[in-house]
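>>> just a sequence and a predicted model for now, questions to come.
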Amino acid sequence: MALRDFIPTAAAPRVRPDQPGADEQCRLWYAAHGRAIYRYLRFQSDSADAADDLTADVFLRVLEAGHRYDPARADARTWIFGIARNALRDHFRRLKVRRHVTVDALRDLAGDAPSPEERVLREEEIGQLLAAVQTLGAKDRELIALRYGSELPFADIGKVLGLGDAAVRTRLWRALARLRGLLTEESA
């Protein structure tokens, strides 16, 4: 099943994968949250292909578990991010090795630069940033990925992680301080 075959949005009634409407609900959820999920996963994976595969896996899990979704417990976005977190953990368990990000693997994160030289410099900067992020602890990486990879507001990050708004802000501030320290060490 290709990633484009899914397309998910906000809360909806519980739907079993074998019931009529399950595919449509998953499509709606994908349309609403697929891009944020991809960016969250891409920020923490070493390639665009791995992020694509993980995103497809997440929405396959969403389709299979749609009948267990309870809008009274959490909104669809929070529930789907929980599934994405679990898929990412499973992925890392399977790898069992420390990953290094190559500049070639960052093609989808680099911005358009007016010249090839500026593009290469930007890719190197992004590579250094992602390499530094990879040296952080798992909790720090996850916070940074949720905030800057998926661009979630603090309240939504709190829902995904089960933390209060103030705790999210404090932990993110500390994680960014550690990241700045790593980047300062590298440039010195």
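Nice, I can see it.
>>> pop the domain breakdown of this protein in here.
Residue ranges for the domains of the chain, per automatic domain parsing: 1-100, 109-188.
>>> among the ones you listed, which gets the worst mean confidence?
Of all the domains of the chain, mean pLDDT reaches its minimum on domain 1-100 (a mean of 79).
>>> about what we covered before: ranking the domains of the chain by burial, who's on top?
Greatest average neighbour count among those goes to domain 1-100 (a mean of 17), per mean count of other C-beta atoms under 10 Å. For the C-beta atoms, the positions are set from N, CA and C on the backbone; glycine is no exception.
>>> how far away from the center of its chain is stretch 153-165?
Put simply, stretch 153-165 sits 14 Å off its chain's centre (C-alpha atoms, centre = their mean, to the nearest Å).
>>> so which residue is smack in the middle of this protein?
Taking C-alpha atoms, centre = their mean, the centroid of the chain lies closest to Tyr40, which sits 1.5 Å from it.
>>> if we ignore the residues flanking it in sequence, what's nearest that residue?
Nearest residue to Tyr40 in three dimensions, chain neighbours excluded: Ser150, at 3.9 Å (C-beta to C-beta, 6 or more residues apart in numbering).
>>> shouldn't that neighbour be in contact with Gln44?
No: using C-beta atoms under 8 Å, Ser150 is not in contact with Gln44, being 10.2 Å away.
>>> re earlier: could you measure from the residue nearest to Tyr40 over to Arg73?
For Ser150, the distance to Arg73 (C-beta to C-beta, to the nearest Å) stands at 21 Å.
>>> again with Glu117
51 Å.
>>> just the CA atoms of whichever strand or helix holds Gln134, as PDB, please.
Gln134 is part of helix 116-135, with elements assigned from DSSP states H and E. What follows is helix 116-135, C-alpha atoms only, in PDB (Å, rounded to 0.1, in the frame of the first residue of the first chain):
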ATOM      1  CA  PRO A 116      25.000  25.900  -5.700                       C
ATOM      2  CA  GLU A 117      27.700  27.000  -3.200                       C
ATOM      3  CA  GLU A 118      25.100  28.500  -0.900                       C
ATOM      4  CA  ARG A 119      23.100  25.300  -1.200                       C
ATOM      5  CA  VAL A 120      26.100  23.200  -0.200                       C
ATOM      6  CA  LEU A 121      26.900  25.400   2.700                       C
ATOM      7  CA  ARG A 122      23.200  25.200   3.900                       C
ATOM      8  CA  GLU A 123      23.300  21.400   3.600                       C
ATOM      9  CA  GLU A 124      26.500  21.300   5.600                       C
ATOM     10  CA  GLU A 125      24.900  23.400   8.300                       C
ATOM     11  CA  ILE A 126      21.800  21.300   8.400                       C
ATOM     12  CA  GLY A 127      24.000  18.200   8.500                       C
ATOM     13  CA  GLN A 128      25.900  19.600  11.500                       C
ATOM     14  CA  LEU A 129      22.700  20.500  13.200                       C
ATOM     15  CA  LEU A 130      21.100  17.100  12.700                       C
ATOM     16  CA  ALA A 131      24.300  15.300  13.700                       C
ATOM     17  CA  ALA A 132      24.400  17.400  16.900                       C
ATOM     18  CA  VAL A 133      20.700  16.600  17.500                       C
ATOM     19  CA  GLN A 134      21.500  12.900  17.100                       C
ATOM     20  CA  THR A 135      24.000  13.100  20.000                       C
END
